[in-house]
Each structure stands twice: as C-alpha cells, then as structure tokens.
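Student: The following block contains a protein sequence and its predicted model.
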Amino acid sequence: MRVLVLGGTGDANQLVAMLAQERACEVILSLAGRTSQPRLPQVPHRIGGFGGVDGLTSYIQCNNIDLVADVTHPFAAIMSGHAAEACARARIDLVRFERPEFASAAGDKWRNFASIEALAAALAGPPRRIFLSHGREGMALFARHPQHYYLVRSIEVPPDIDKLEQARLVLARGPFDLADEIALMREERIDTLVSKNSGGAATMAKIEAARQLGIEVLLLARPVKVAARSFAALDAMAAWILAHGRT
Ligand code: NAP
C-alpha cells in the first residue's frame, strides 16, 4: 500500500515512523516547504505545493497512491480541503489526524478570537508585555499598537517584524519545556500570551506556564476543516491505515 502523508508537523513525523516499520506500507511524506531546515524522518519525501486540487489529484494518480493521511497542522485548512477534494476525485481514502484542542481549566484567563485581525484589534489600550507565540503572521497588525512590548517566538524570521517598535525575536522550534516557559515569561515580565489553539503536547507548556503565572491568553480559534474520517490518536490512525491496507 502506498500512503501519502501530508505533514509539516511533529505528529506527521511520528505517524510516518510508525507506518515505515511495516513492510506492507510504503510511505511518502509531503511538506509545503515553509521552513528552510525541516525535521525529516528517514523516509522518501517531497517538498513544495502540488499545484492545487488538480495538481494533487494528478500526483495521487501518477504515483499510485492508495491512501492519503492528512497530518497537517490544525490551521492548514486549505491543504486539508484540497486533500478531501483530490481524494474524492481519485476515489481513494483520506484519513485525518485531529489533535484535541487545548482544554481550559478553572481560573484560566482565556479570550478566543476568530481571526488574527480581531485578536490584534483587541490590543488597543494601555501598554502590555505580550508574548507572540502564534507563528509568523500578523506582525504589521500588532505594529499598529506600538505601546506594547512584544516577545516574538518563531521558527523563522517573520515578515514585517521590523515594523514592531519594541520587540525581541527568539528563533526556536518546539517542543518546549514547562520550566523553561515559566522562566522565559517571568524574565520577560510577560502579562499576555498570544497563541493559536493548536492543541497537542508540543506547545502545551506555554499554556500551562500562563496558567500557573496567571497570565491572560489570547487564543486564535481553529479554522473549520471540511469533514473527513478523523482520529485523535496517532496509534489508532496507524492501526486503521494498516488494517485498511489488508482489506
Ligand atoms: P495551507 O494554508 O492549508 O496550505 C496552503 C498551500 O500550501 C496548499 O494549498 C498547498 O499548495 C501547500 N501545502 C500545505 N501543506 C502542504 C504539504 N504538507 N505538502 C505539500 N503542499 C502543502 O497551509 P499552511 O497553513 O500554509 O501550512 C503549510 C504547512 O506548514 C503545512 O504542511 C502545515 O502542516 C505546516 N504548519 C502550519 C502551521 C500553521 O499555523 N498554519 C503551523 C505549523 C506547521 P498547493 O495548493 O500548491 O498544493
């Protein structure tokens, strides 16, 4: 069975490692090419967009793909939509990994926003010390609120970072440790954390650190993805894929 894994996440690398152990399974990992030094497991891979639904459909057909496993990030909604349409056209199965969202606990100071624009607009007001840990997007929007200090953490340098008047950039890739997150937020006297509701263990530490320090969290809600057969656990997903290959 030939499985195309749509990746760009640690979860995808874990799934690939599970499937690659099985002789019956040939895995190809696909990355968008957003980071210059991606973590690549020891399996065949390809990097770069497919060229929309048409491109992905033809990739599936030309490479005799039997099944697509969508293990992209919860915010990669376009890729997931294209995968659903291309699999329907090529008449092959699609399975998706959907990590559980961050779960709030009593006492959490969370505010949810549907878009980065709405979140940034909510930052009008007195000066804050804000930890931007949501990724690279929206720096120009935050620059409209120059009264705040921004600690920006990202894997690569975000576009428009130079527009932020008071900022420190930390280039780093998770997973992050709870003790380190607490130390960083204390050292930087952070009072506001901005994060995507990515869910998953790799980025949970900052949410837990904010909880323990009583810091307000501004959360970007996930985009809605088109319906697909989904799994919340990677081992169950791998088991389903392997069982599917035997039928
Ligand atoms: P997106 O908006 O859903 O996708 C935009 C386009 O990028 C797609 O139409 C596709 O181009 C290409 N693409 C995306 N994922 C791909 C993959 N795994 N393999 C080949 N092409 C891919 O995606 P995004 O939010 O920019 O995310 C891009 C990648 O970064 C994803 O692989 C995702 O898992 C990873 N990532 C995203 C985030 C995030 O916050 N969005 C966070 C961590 C990791 P074509 O139409 O040309 O095929």
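Tutor: Perfect, I can see it now.

Student: what are the ranges of the helices in the chain?
Tutor: Under the criterion DSSP state H, the chain contains helices at 10-20, 52-62, 77-90, 116-121, 139-142, 178-187, 204-213, 234-246.

Student: list the buried ones in the shortest one?
Tutor: The reference is to helix 139-142. For helix 139-142, the neighbour count (16 or more other CB atoms under 10 Å) marks Met139, Leu141, Phe142 as buried. Backbone N, C-alpha and C define where each C-beta goes, glycine included.

Student: Please list all residues in contact with the first one.
Tutor: It refers to Met139. Listed by CB atoms under 8 Å, 6 or more residues apart in numbering, the contact partners of Met139 are Val152, Pro158, Pro159, Asp160, Ile161, Lys163, Leu164.

Student: Need the per-residue pLDDT for the residue nearest to the fourth one when sequence neighbours are not counted.
Tutor: Excluding its sequence neighbours, the residue lying closest to Asp160 (CB to CB, 6 or more residues apart in numbering) is Met139, at 4.0 Å. Model confidence at Met139, expressed as pLDDT, equals 98.

Student: now Met139: how far from the ligand?
Tutor: Separation of Met139 from the ligand (CB to the nearest ligand atom, to the nearest Å): 15 Å.

Student: about what we covered before: would you mind saying which of the helices of the chain lies nearest Gln37?
Tutor: For those, proximity to Gln37 was assessed by CB to CB; helix 10-20 is nearest, at 14.0 Å.

Student: average model confidence for that closest one?
Tutor: Helix 10-20 comes out at a mean pLDDT of 96.

Student: same check, this time on stretch 88-102
Tutor: Mean predicted confidence for stretch 88-102 is 97.

Student: cool, stretch 110-120 as well?
Tutor: On average, stretch 110-120 scores 98.

Student: about what we covered before: which one among the contacts of Met139 gets closest to the ligand?
Tutor: Lowest distance from the ligand to the contacts of Met139 (CB to the nearest ligand atom) belongs to Pro158, with 12.1 Å.

Student: Next, the contact list for that closest one, please.
Tutor: Contacts of Pro158 (CB under 8 Å, 6+ apart): Gly135, Arg136, Glu137, Met139, Val152, Leu169.

Student: Nearest to Arg99, out of the helices of the chain?
Tutor: Per CB to CB, nearest to Arg99 of those: helix 10-20, 6.7 Å.
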